[in-house]
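Colleague: build me a model:
(one chain, ligands or ions: 1)
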Amino acid sequence: MRVSDYPFTQEATEHVRSLGYSLESLLSKSSFKTVRSRAAERVAGAMGDAIPESSGDTVAENLTELLSYPLARVMVSCLNDPILLRRYALAEAKLAFRRMQDEKEGLTMLAGDLGLNLRGPGPWKIYFAEYIRAAHRMHSPKWKLTNRDLFEGYLTVTEVELKRILEEVIREKVLKGLPTPVDEKICQTLEEYLKPLSRQLETLRARQKVDLGAVEEGAFPPCIKKMLTEVAKGVNLAHSARFALVSFLLQINMSPDEVIALFNTSPDFDQERTRYQVEHIAGSAGTQYRPPACATMATYGNCPGEDELCRKIRHPLGYYERRARMFTPAEVHQ
Ligand code: SF4
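Modeller: Next up is the predicted model:
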């Protein structure tokens, strides 16, 4: 395992500390210009398709890779935008995931550094408590503990699954502590890099605005509004919330394509998987699903609390229909 490939690890942090470079020197010395450029490239990549691979294998290039990570954290903290922070954490995790494809024994070392003490040469055994901590945000049924071969406190994961779990652990680790408190003067020193990044962020924000077309957004119940806000921020919804949101929007006559486009705001957007799920809920397999009633929404923690109209209805669609009727036709079709 090459430590510069995984600059978020404990080992990398200790290595950087042992080198003894000050933040001031990283910010100002001309010899660290490549570090500053690579840090900006990490952040720009997070707003684009991906963080590009570093250029090579020399000692100097590995050092640049290692030092650019803490500096990229400073840059995203200066920009301090929730969508960027999430995208950045995900982009670092995806870069590490790509690098993991070439790992062999390094995979066990990486897992150990990240708090997963694996048993065996692979497929690996993971202690259930470590597994839960690592996979708790992975919502697909195959990750549920009840669907795993739990035996004497351990469960088995394949190499492909382990890499996916590590990617998720890395995403959380990178996101943890962001934004870091950064002195305004430091952000000013980085202005040359932050200005173009800030412009890129504006474009990203504009692209991610949720467009609900002719649908009367003002009539949405609080639960649906909350879910849409989270989707717009790039938060991955829990399975039950995702189902409720998709089935609701389809029921009020949004097309599957319009609904899929809404989820394009998520940094982890998987077009094919989203299309499959949305079309399934829309009835591709013969059953068109209705959104759950308020009681079920509350059971799954998807009811954010009732407003006055909520107290009179039992279903989010009932809320929408009543509220939409309150709008004049002119208002509805504006
Ligand atoms: S009471 Fe029903 S409509 Fe109102 S927020 Fe809760 S789930 Fe949504």
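Colleague: who in the stretch 151-300 of the chain is up against the ligand?
Modeller: 221-223, 294, 297 (CB under 6 Å from any ligand atom). Every C-beta, even on glycine, is put in place using the N, C-alpha and C of the backbone.
Colleague: in helices, which of those appear?
Modeller: Those of these mapping onto helices are 222-223, 294, 297, per DSSP state H.
Colleague: for R38, state which of those is nearest.
Modeller: C223 (43.2 Å; CB to CB).
Colleague: wait, the closest one sits on N302?
Modeller: Yes - using CB atoms under 8 Å, C223 is in contact with N302, at 5.7 Å.
Colleague: now for the two: what residues contact both?
Modeller: Here C223 and N302 have A244 as joint contacts, going by CB atoms under 8 Å, 6 or more residues apart in numbering.
Colleague: the helix or strand where Y276 lies: which residues count as buried?
Modeller: Taking DSSP states H and E as the criterion, Y276 maps to helix 271-282. For helix 271-282, a neighbour-count test (16 or more other CB atoms under 10 Å) marks 274-275, 277-282 as buried.
Colleague: before we move on, back to that, which one (most neighbours) among the ones in helices among the residues of the stretch 151-300 of the chain next to the ligand?
Modeller: C223 (25 neighbours; other CB atoms under 10 Å).
Colleague: averaged pLDDT, stretch 123-132. What do you get?
Modeller: Mean pLDDT, stretch 123-132: 91.
Colleague: which stretches in the stretch 101-250 of the chain count as helices?
Modeller: Taking DSSP state H, counting those that start in this stretch, the helices of the stretch 101-250 of the chain run over residues 106-113, 128-135, 159-175, 184-189, 191-207, 222-232, 239-251.
Colleague: ok, and what's touching the first one?
Modeller: Taking CB under 8 Å, 6+ apart as the criterion, the residues outside helix 106-113 that touch it are 1-2, 6, 9-11, 100, 103, 117-118, 122, 124, 159, 162-163, 166.
Colleague: which of those residues are buried, as a PyMOL select command?
Modeller: Listed next is the PyMOL selection for buried residues among the contacts of helix 106-113, using 16+ other CB under 10 Å:
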select buried, resi 1+6+9+100+103+118+124+162+163+166
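Colleague: return the subset of the contacts of helix 106-113 lying in strands.
Modeller: If you go by DSSP state E, these have W124 in strands.
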